[in-house]
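> Below are the sequence and a predicted model; questions follow.
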Amino acid sequence: MRDHLNLRAFELADEIAIEVYRITQKFPKEEMYGLTAQIRRAAISVPSNIVEGCTRKSQKDFYRFLEIAYGSLKELKYQCQLANKLEMVSSNELSFCLAKFLETEKVLGTLMSKVRTL
């Protein structure tokens, strides 16, 4: 069994989830069940799927959960860009998030490549 705490991809995804919760705290209350919930769900999905994948015995299953995490990361990226267009996320916050998303995409993509070739 793998330890998710040893994976840089998990560390980055965890940082993103924490930052997303911080940013979404100031979203309009009427968005609590709309965009706020969607963004938070996607943000939590990334590290959660990495953790769940680490519990799987087969490389194929592990890879599948990494794929889901990667898809959630891409979904989150779009949602944050949308929140910026709707003026719920500042350009500075978006820039910070996009940089963190890019780093996470690279690290997660590299991990996926390694797992896929095993």
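Everything's here; your move. Quick caveat, the model's predicted, so the values are computed rather than measured. Residues are numbered from 1 along each chain as shown.

> dump the residue contacts of residue 93.
23, 84 (C-beta atoms under 8 Å, 6 or more residues apart in numbering). (Glycine included, C-beta is placed from N, CA and C.)

> begin at 46 from here
Right, with 46 as the first residue, what we last looked at is residue 138.

> What's the separation between it and residue 84?
According to C-beta to C-beta, to the nearest Å, residue 138 stands 12 Å off from residue 84.

> can you check residue 150 too?
From residue 150 to residue 84 the distance is 17 Å (C-beta to C-beta).

> And for residue 46?
On the measure of C-beta to C-beta, residue 46 and residue 84 end up 31 Å apart.

> Ok, residue 47 next?
28 Å.

> Of these two, which one has the most company?
Higher neighbour count among residue 47 and residue 84: residue 84, with 25 against 16, using other C-beta atoms under 10 Å.

> On the pLDDT front, check the more buried one for me.
Predicted confidence (pLDDT) for residue 84: 98.

> The closest residue to it other than its chain neighbours: how many residues sit nearby?
In space, and not counting its chain neighbours, residue 84 is closest to residue 124: 4.7 Å by C-beta to C-beta, 6 or more residues apart in numbering. Residues near residue 124, counting by other C-beta under 10 Å, number 20.

> State the pLDDT value of residue 63.
Note on residue 63: pLDDT of 98.

> Now do it: how many residues are near it, please.
Residues lying near residue 63 (other C-beta under 10 Å) number 12.

> ok so, going back, give me every residue that touches the residue nearest to residue 84.
Here residue 124 is in contact with 80, 83-84, 87 (C-beta under 8 Å, 6+ apart).

> what comes up buried for the helix or strand harbouring residue 115?
For residue 115, the element it lies in under DSSP states H and E is helix 104-130. Residues of helix 104-130 classed as buried: 107-115, 117-118, 120-122, 124-125, 128-129 (neighbour count, 16 or more other C-beta atoms under 10 Å).
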